[in-house]
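Novice: structure, please.
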Amino acid sequence: MKKYKYSDVKLTPTIIEELIILLFEGQVVERKTIIDGVVKYHIDNGGIESDSNIISATKRALQTLKRKELIDNIAHKQWKIFTNSEKTNVITKNVSKQIKPSNPIKKYAATKPTLSTNSLEFGQGKNAVYVFHYEIYKEKYHSKGNKFYPCKIGLSINPNDRVTKQVGTAFPEPPIVDLIIKTDNAALLEKVIHNVLSLRDRHCENSLGKEWFYTNPIEILSIISFINIEIL
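Specialist: Numbering: from 1, shown residues only. Model (predicted):
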């Protein structure tokens with residue numbers, strides 16, 4: 001089952017546009033870094049190399065994104081990829097429309113008293129990918145002007161029990177579970193999310209475990225919305 005909608009498709013400027021936003025949103029990057037990252041992601045996920053000159057194709061994509069006011073050329077070969085906060089509601093609505101939930105998307109009461117009561121749950125399947133954070137870290141990073149903060153992205157048959165067992169009583173506050181995405185392809189979905197965030201250099205190097213990244217639920221939803229929805 002394909003996880004990438006441009007598998008077996010030749011790389012074009014239009015695809016490059018999408019991958020630039022997907023891979024480098026919120027970053028300042030050199031054109032060479034963009035080219036290397038886009039080509040690697042496309043080929044690694046089953047795409048086909050471009051027939052045209054990749055530098056020219058990337059230049060066209062960058063100029064198109066600039067006209068759309070999604071990026072800016074801040075210096076020679078240096079590009080700022082903007083974060084479009086206005087997309088927040090659109091992304092959430094698009095994801096909810098594309099996915100057929102086992103139950104309507106809703107806020108529900110967690111079964112464990114240590115968990116948040118505001119988890120967004122959708123999808124269907126025997127397993128799930130979950131996302132949780134600690135509010136104290138979120139507030140710390142927000143106070144410094146950062147929209148991203150440490151989040152744990154893992155998988156489990158029962159996310160609530162899994163999170164409870166992980167945190168135990170060793171932390172001063174309960175975790176907040178932001179997302180629970182039910183799917184029969186939890187391992188694949190988790191891997192794709194981890195890989196995209198790693199490519200964006202968001203892994204928490206000093207964390208306990210390999211599943212902590214500097215991100216937020218909206219960014220994760222945007223990654224999911226880009227993936228072939230059949231994965232869910």
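
Novice: any idea what the nearest residue to Asp51 once chain neighbours are set aside is bridged to?
Specialist: Distances taken as Cβ to Cβ, 6 or more residues apart in numbering place Lys10 nearest to Asp51, at 6.0 Å, with adjacent residues excluded. Backbone N, C-alpha and C define where each C-beta goes, glycine included. Beta-bridge partners for Lys10, by DSSP bridges, are Ile48.

Novice: again with Asn73
Specialist: Trp79.

Novice: what does the pLDDT read for it?
Specialist: pLDDT, Asn73: 87.

Novice: same question for the one 4 residues further on.
Specialist: The confidence metric pLDDT takes the value 87 at Lys77.

Novice: could you list the single helix or strand in the chain with the lowest mean pLDDT?
Specialist: In the chain, the helix or strand scored least confidently by mean pLDDT, DSSP states H and E is strand 106-107, which has a mean of 36.

Novice: the protein - how does it break down into domains?
Specialist: Annotated domains of the chain cover 13-81, 87-231 [automatic domain parsing].

Novice: to Lys5, which of the ones you listed lies closest?
Specialist: Proximity to Lys5, assessed across the domains of the chain by Cβ to Cβ, is greatest for domain 87-231 (4.9 Å).

Novice: which one is Gly209 nearest to, not counting chain neighbours?
Specialist: Excluding its sequence neighbours, the residue lying closest to Gly209 (Cβ to Cβ, 6+ apart) is Lys152, at 7.7 Å.

Novice: repeat for Arg60
Specialist: Distances taken as Cβ to Cβ, 6+ apart place Pro13 nearest to Arg60, at 4.3 Å, with adjacent residues excluded.

Novice: ok, that neighbour - contacts?
Specialist: 57-58, 60-61, 64 (Cβ atoms under 8 Å, 6 or more residues apart in numbering).

Novice: just Lys210 next, same as before
Specialist: Contact analysis of Lys210 by Cβ under 8 Å, 6+ apart lists 194, 203.

Novice: quick check, it in a strand?
Specialist: No - using DSSP: H, G, I helix; E, B strand; the rest coil, the assignment for Lys210 is coil, not a strand.
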